[in-house]
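Student: Whatever this is, show me its structure:
(2 chains)
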Amino acid sequence: DQQVKQNSPSLSVQEGRISILNCDYTNSMFDYFLWYKKYPAEGPTFLISISSIKDKNEDGRFTVFLNKSAKHLSLHIVPSQPGDSAVYFCASLGSGSEKLVFGKGTKLTVNP
Amino acid sequence: GAVVSQHPSWVICKSGTSVKIECRSLDFQATTMFWYRQFPKQSLMLMATSNEGSKATYEQGVEKDKFLINHASLTLSTLTVTSAHPEDSSFYICSARDQEKTEAFFGQGTRLTVV
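Tutor: Purely as a prediction, here's the structure:
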């Protein structure tokens, strides 16, 4: 049973517009959430994270929103750039656990 | 951010031979490192958790005798794929967590092709 779900396998956005990547989780013990960006044949790169005590974290063009009651988080990228084209993984960490649980990823394509 | 170096980035080996992949944390100490495998168009699958100075903890379905993990120091973990077969061809990625940070940092990955 998937504990972290990214229901959209792909997303296509025009350059300059907003990209919204969604992630849902089922385990209420998760208290830390991370987003990773991955290019083909490379390891994932950490992008941004959020603790369950917050509902928003912003870093430049990237903002992550957390809705604990809905067990939902989203990553907003604005404005989107062609270099943002990659696969984005949502990951969760439970209290006292060292293991990251990953979603299946969403492939973002930003068109010039 | 912290740096995790993985070597080699790609390797081709003959069926039946063994391959060793190294994972190093370059600017922090990692008591725990993780090894993942990624199949095409799929998510990262955790294979095992490597603890410095002790035996690795393997996920269900992962053969510990086939995927040997050694975490000899706080900055180095190795994964050895023994008696490799074509079905072992995959993208292997390691990660390490800095004890002072929550996020995990990943190596560049190793593309293994068994012919």
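Student: Verify the stated contact: residue A:35 with residue A:77.
Tutor: No - judged on Cβ atoms under 8 Å, residue A:35 makes no contact with residue A:77 at a distance of 9.9 Å. Quick note: C-beta positions are derived from backbone N, CA and C, even for glycine.
Student: what's the overlap in contacts for the two?
Tutor: Residues touching both residue A:35 and residue A:77 by Cβ atoms under 8 Å, 6 or more residues apart in numbering or on different chains: A:21, A:62.
Student: show me what contacts residue A:28?
Tutor: residue A:71.
Student: how near is it to residue A:96?
Tutor: As defined by Cβ to Cβ, to the nearest Å, residue A:28 lies at a distance of 14 Å from residue A:96.
Student: Contact partners for the residue of chain A found nearest chain B?
Tutor: Proximity of chain A to chain B (Cβ to the nearest Cβ) peaks at residue A:43, 3.6 Å away. By Cβ under 8 Å, 6+ apart, residue A:43 lies in contact with B:4, B:6, B:93-95, B:106-109.
Student: How about it: what's its closest non-neighbour residue?
Tutor: Among residues not flanking residue A:43 along the chain, residue B:106 sits closest, at 3.6 Å (Cβ to Cβ, 6 or more residues apart in numbering or on different chains).
Student: partners of the one you found in the sheet?
Tutor: In this entry, residue B:106 is beta-bridged to residue B:95, by DSSP bridges.
Student: May I have the predicted confidence score for it?
Tutor: Residue B:106 is assigned 92 on the pLDDT scale.
Student: Show me which residues of chain A are close to chain B?
Tutor: Counting by Cβ under 8 Å from any Cβ of the partner chain, the positions of chain A adjacent to chain B are A:32, A:34, A:36, A:41-46, A:49, A:89, A:93, A:98-100, A:102-105.
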